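Colleague: build me a model:
(chains A, B, C and D)
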There are 4 protein chains.
Amino acid sequence: MKTLRYRDETTGEPQLAILVKDTVYNVTRQVPHWTEPVQMWYALRALGIPFEDAAARLCTGEGISFHELDEAGHLLPPVVAREVWAAGVTYERSREARNAETKISDSVYDRVYAAERPELFFKATADRVVPPGNPLGLRSDSSWMVPEPELSVVISATGDIIGWTVGNDLSSRDIEGENPLYLPQAKVFSRSCSFGPVLLWHTPSTTPADWTVSLEIHREGQLAFSGSVPFRQFRRRVDELVDFLCRDNPVPDGTVLMTGTGIVPPDDFTLTPGDRVDICIDAIGTLVNPIAAPMAL
Amino acid sequence: MKTLRYRDETTGEPQLAILVKDTVYNVTRQVPHWTEPVQMWYALRALGIPFEDAAARLCTGEGISFHELDEAGHLLPPVVAREVWAAGVTYERSREARNAETKISDSVYDRVYAAERPELFFKATADRVVPPGNPLGLRSDSSWMVPEPELSVVISATGDIIGWTVGNDLSSRDIEGENPLYLPQAKVFSRSCSFGPVLLWHTPSTTPADWTVSLEIHREGQLAFSGSVPFRQFRRRVDELVDFLCRDNPVPDGTVLMTGTGIVPPDDFTLTPGDRVDICIDAIGTLVNPIAAPMAL
Amino acid sequence: MKTLRYRDETTGEPQLAILVKDTVYNVTRQVPHWTEPVQMWYALRALGIPFEDAAARLCTGEGISFHELDEAGHLLPPVVAREVWAAGVTYERSREARNAETKISDSVYDRVYAAERPELFFKATADRVVPPGNPLGLRSDSSWMVPEPELSVVISATGDIIGWTVGNDLSSRDIEGENPLYLPQAKVFSRSCSFGPVLLWHTPSTTPADWTVSLEIHREGQLAFSGSVPFRQFRRRVDELVDFLCRDNPVPDGTVLMTGTGIVPPDDFTLTPGDRVDICIDAIGTLVNPIAAPMAL
Amino acid sequence: MKTLRYRDETTGEPQLAILVKDTVYNVTRQVPHWTEPVQMWYALRALGIPFEDAAARLCTGEGISFHELDEAGHLLPPVVAREVWAAGVTYERSREARNAETKISDSVYDRVYAAERPELFFKATADRVVPPGNPLGLRSDSSWMVPEPELSVVISATGDIIGWTVGNDLSSRDIEGENPLYLPQAKVFSRSCSFGPVLLWHTPSTTPADWTVSLEIHREGQLAFSGSVPFRQFRRRVDELVDFLCRDNPVPDGTVLMTGTGIVPPDDFTLTPGDRVDICIDAIGTLVNPIAAPMAL
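Modeller: Residues are numbered from 1 along each chain as shown, chains lettered A, B, ... in the order given. Purely as a prediction, here's the structure:
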């Protein structure tokens, strides 16, 4: 089952919906407080209802077109994430890239790549996240910025995996390259994060190992960069990342954990305002965000 | 003017109050929505009322004893901070200590100490903060933990300095020492942060340069460690830290920025459950927190 | 299925629970946002799950004792009713009583008893409702006050019947007797209303026509008054009352409609502080409230 | 000082503002939580700041045009009233009119007119109130409906008078005429109430006794009815109404009490969809509402 959230055109209120192919079935009109998926997930779990059975019950009526919602700019993040966390150096390619950008001789990236404990960092609060289709914003003090396309996992306060989505961890390479201690400044800023467009609900038969993450960066109508990485190359286990994240550190319901990137554009590439970044995981969908200049404050 | 917050014994509702010597004058009973200081600060600023004039108006009636509130465990953090940030390596002593703990040969701490850009990191959300008097919790996977006593500044969403408080940035030295990329895990965890007991409101005549931060760690009735550092040894400017924090990164009203520590216990010292940590800045007050074992989850 | 709400002893947070005989099974711990029954009702309805099937799934673990919850004073109203409405003169006995108390010669009560349109009035907001077991408060300016024991129906914003509960519409007979225009003052005041202890969920096989409402008033350990009325003597239809209530007048989810009383103590009876009022409908349960003196404001 | 509320065109957020002649000065941008006047009122009172001094401080910058806000339909009710109450038969004219409409021979209206205790009734919750400029809605089951133009007083939870506004208590005369017990149905329904456009803050020099309430009903570009009544003809005292309202009945901050009407159109007049009702009290302003057909539910 895939769910998404959108803003009702008339009332402006957030709506939870189920996506079946290109058709969107509103859930919130049937269960008014289900405006985000986590509470629905708790209910289905407690009632022992398979997600597909629930979807069959709830997908009634005519539905509306996903394409039209998307075009109209009404999509919202598929889950309300009070906290977004991310992991780093979880692919060989990431280790290489971060070694390349750093000015530090004794590589902290080689060390973490090989260590039991993963790199985990706080990426964003809910108000730093932009909805699918909305612009991510560059930092005013960085001249080397890249999207980081990442399979992202949505977890509950109990540490259970609720589902999967596509994430973009927009990052500054020069700020972090200057000093690993600048990581929070390279990662946490206004409009630095997006995920969506949908949440694929997790079941025992969900197989991320078969998925591929692919990235396309479009500039002035041209493809400026593309790349892809199979999730098989991921060097950690997702449940291990979740365990480390929650160790002594309870996180709220709906927390998003981005699992790190395995695709890095060449070192001479930086995003510029007007670019469009598409990140696709076939089993989930394609997250699209334009890139905007830093916001005048 | 100093304000504090406490929980009303009967209703459980948070109360804002002004502290004059040892006497606490309730503000919330006079202005029901002033349950935290930031909105009062905006009002006084817009109305052009000097803080001391406001205090004189609002300190009516008999008041209650600060000592009794504190003993009863009713104090709350003096401001509702949705976000707590912290700076690092802002004193020579901190540079030495972090060099001592690290396993990295090319010191990121020397670099940041000398660089224009400071180290800033996300320290805590509101639910990871414990009130004054309440126990800070150790991590289950660290065997080298220390309090970090820090002058802390409270800012508005507009980036203005509202006031000053005393902060304790409880940290794991071995986790961060292993790899600077583990900093978020060494810093962000359940019950890892406390500040208070009061907010000293900022005016043009507030002079942090004259203050001294002092730390006492008590164990089994004995003084296990004490130290102090004058704020003159602070190697940054507070307004510069605030500027870097807010650069491309709007923070919410009431954000606390801890300015880094200049007191570090000897390398063979670690906190243990039952310790009590007192941090004093004379002009503000003394923040006291016992230390608790990790919480069984 | 019967549900109730109570306040968690430790956290103070409201909990929704299912009652099976004398055992209470917590629902909120399984589905955190189900802290009141209406949203659970919408979910079960949309998913097509029979209430008894849901109860079977959700009643897991050991449960706690209803008796102990009740004794400890932790019960809450079984539904959060932003609005409580009531109907009047829906039994012959009520017509007689209100004719007896009135000083008006042309009886408005005879008229409404015979008319198509029922008497409906606004009874209480949520903060005028006291939980089961908590004291109802007398008016300071009335010397003739009585409980009104009433079968009460809980409805959704869509006008559907969610379930049934027991209500006490505490009323002043002398204020209303003076003039029917004083009805709001005879009915709406602090601590004037209670309902509970449970919500019996409505199904097609629910048969209010078979029920009996009974009232006992205890004073100083003695039975001061008792009476009962079978619901067969109710002179309206519940769905008709709901239709009139919602006509041009959308009400919020969880609105309680008290259906009027058929039991009236003798004209020389008035409640006094210290009395205890028990109202029982066998199929639902017994609502108990002590009577308190007016509150000093 | 006059304040009003409006919806920000861009963010949709409610704004509190001060009106000086035709110019509106935003307060919320200066004090973010002052989105309604009651909390500002508590603050000014506690700080001992005269309202006009506060207005002088807060009216900075260019301001915007009241006329344009009004035309754009952005006005909101000047206070968030969780409860609206009203008084009846407070003018000789009202007694006559209600005697004329009633089918009861023993007049309850004559009785209440002469009695110490006033008629008070629950008129509306916040969601039944329409903003200034927005349509009031007729009932589907009434064929005799009139506006009731009423001086309205805004009170605090402490029973203090905060200020004054203009109210329209839309009423059904035939439903109430049928039986006084139908009063709630004649008064409480969807879109049955409006007040505004501004709140005139109460000071010791406020003199309602000098004011005149006037009503104009426009139909198809013509004046269909007009009338006016000096507040001197009001047969009660406002503080007496407030005392009776709050007796044993605490009301929330910002409660609006409409003081009853002294203007009644001729008995053959009823409102129809498309009418426009203007109610003016010179010292306050003019409340304008179109009249709409009942809403299809």
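Colleague: which residues in the stretch 1-150 of chain A form helices?
Modeller: A:37-47, A:51-58, A:66-71, A:92-101, A:108-114 (DSSP state H, counting those that start in this stretch).
Colleague: got CSV for those helices, with mean pLDDT too?
Modeller: What follows is the helices of the stretch 1-150 of chain A, written out as CSV (pLDDT from 0 to 100):
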stretch, mean pLDDT
helix A:37-47, 98
helix A:51-58, 98
helix A:66-71, 96
helix A:92-101, 91
helix A:108-114, 94
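Colleague: okay, those helices, which one's buried deepest?
Modeller: Among the helices of the stretch 1-150 of chain A, helix A:37-47 has the highest mean neighbour count (mean count of other Cβ atoms under 10 Å in any protein chain shown), at a mean of 23. All C-beta atoms are positioned from the backbone trio N, CA, C, and that covers glycine.
Colleague: how about the CA coordinates for that one, as PDB?
Modeller: Only the C-alpha atoms of helix A:37-47 are listed here, as PDB (Å, rounded to 0.1, in the frame of the first residue of the first chain):
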ATOM      1  CA  PRO A  37      -0.200   7.600   8.100                       C
ATOM      2  CA  VAL A  38       1.300   6.800  11.500                       C
ATOM      3  CA  GLN A  39      -1.900   6.700  13.500                       C
ATOM      4  CA  MET A  40      -3.600   4.700  10.700                       C
ATOM      5  CA  TRP A  41      -0.600   2.300  11.000                       C
ATOM      6  CA  TYR A  42      -1.000   1.900  14.700                       C
ATOM      7  CA  ALA A  43      -4.700   1.200  14.200                       C
ATOM      8  CA  LEU A  44      -4.300  -1.400  11.500                       C
ATOM      9  CA  ARG A  45      -1.500  -3.100  13.500                       C
ATOM     10  CA  ALA A  46      -3.600  -3.300  16.700                       C
ATOM     11  CA  LEU A  47      -6.600  -4.500  14.800                       C
END
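Colleague: report all helices and strands that it contacts.
Modeller: strand A:2-7, helix A:51-58, strand A:161-169, strand A:193-201, helix C:37-47, helix C:51-58 (3 or more Cβ pairs under 8 Å, 6 or more residues apart in numbering or on different chains; DSSP states H and E).
Colleague: now the angle from it to strand A:2-7?
Modeller: 140 degrees (axes from the mean of the first three to the mean of the last three Cα atoms, to 10 degrees).
Colleague: name the helix or strand for A:Thr261, please.
Modeller: Assigned by DSSP states H and E, A:Thr261 belongs to no helix or strand.
Colleague: how close does the closest residue to it other than its chain neighbours get to chain D?
Modeller: In this structure, A:Thr261 finds its nearest non-sequential neighbour in A:Glu148, 3.9 Å apart by Cβ to Cβ, 6 or more residues apart in numbering or on different chains. Distance, A:Glu148 to chain D, using Cβ to the nearest Cβ, to the nearest Å: 31 Å.
Colleague: report the contact partners of A:Glu148.
Modeller: A:168-171, A:258, A:260-261, A:263-264 (Cβ atoms under 8 Å, 6 or more residues apart in numbering or on different chains).
Colleague: hmm, try it at 10 Å
Modeller: A:86, A:88, A:94, A:97, A:123, A:167-171, A:173, A:187, A:193, A:215, A:258, A:260-264, A:279 (Cβ atoms under 10 Å, 6 or more residues apart in numbering or on different chains).
Colleague: for A:Pro147, same thing?
Modeller: A:136, A:167-171, A:194, A:215-217, A:225, A:261, A:263-265, A:271, A:275, A:277-279, A:287, A:289, A:291.
Colleague: and A:Arg191, by the same measure?
Modeller: Here A:Arg191 is in contact with A:124, A:127-130, A:134-139, A:170, A:289, A:291-292, A:294-295, B:248 (Cβ under 10 Å, 6+ apart).
Colleague: try it again with 8 Å
Modeller: A:Arg191 neighbours (Cβ under 8 Å, 6+ apart): A:128, A:130, A:134-137, A:170, A:292, A:295.
Colleague: out of those, flag the one nearest to chain C.
Modeller: A:Arg128 (24.7 Å; Cβ to the nearest Cβ).
Colleague: what stretches of the stretch 1-150 of chain A score poorly on pLDDT?
Modeller: The stretch 1-150 of chain A contains no residues with pLDDT under 70.
Colleague: interface residues of it facing chain D?
Modeller: A:Gly12 (Cβ under 8 Å from any Cβ of the partner chain).
Colleague: list the residues that contact whatever residue of chain A ends up closest to chain D.
Modeller: Closest residue of chain A to chain D, Cβ to the nearest Cβ: A:Gly12 (6.8 Å). Contacts for A:Gly12 (Cβ under 8 Å, 6+ apart) come out as D:Gly12.
Colleague: how about stretch A:181-188, does it reach chain B?
Modeller: Yes: applying Cβ under 8 Å from any Cβ, one finds stretch A:181-188 in contact with chain B at A:181-185, A:188.
Colleague: before we move on, back to that, quick one, which of the helices of the stretch 1-150 of chain A gets closest to C:Arg5.
Modeller: helix A:37-47 (17.3 Å; Cβ to Cβ).
Colleague: the closest one vs helix C:51-58, what angle?
Modeller: 90 degrees.
Colleague: just want the angle from helix A:37-47 to strand A:161-169.
Modeller: Going by the same axes, to 10 degrees, helix A:37-47 makes 160 degrees with strand A:161-169.
Colleague: tilt between helix A:37-47 and strand A:193-201?
Modeller: 20 degrees.
Colleague: residue closest to the middle of chain A?
Modeller: Nearest to the mean C-alpha position of chain A, by Cα atoms, centre = their mean, lies A:Gly167 at 2.0 Å.
Colleague: that older thread, which of the contacts of A:Arg191 are buried?
Modeller: A:128, A:130, A:134-137, A:170, A:292 (16 or more other Cβ atoms under 10 Å in any protein chain shown).
Colleague: switch the residues you listed over to CSV; also include distance to D:Gly177.
Modeller: What follows is the buried ones among the contacts of A:Arg191, written out as CSV (distance: Cβ to Cβ, whole Å):
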residue, distance to D:Gly177
A:Arg128, 60
A:Val130, 58
A:Asn134, 57
A:Pro135, 61
A:Leu136, 64
A:Gly137, 63
A:Leu170, 68
A:Ala292, 63
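Colleague: and the strands in the stretch 151-297 of chain A?
Modeller: A:161-169, A:171-172, A:193-201, A:212-219, A:222-230, A:255-258, A:276-281, A:285-292 (DSSP state E, counting those that start in this stretch).
Colleague: right, I'll leave it there.
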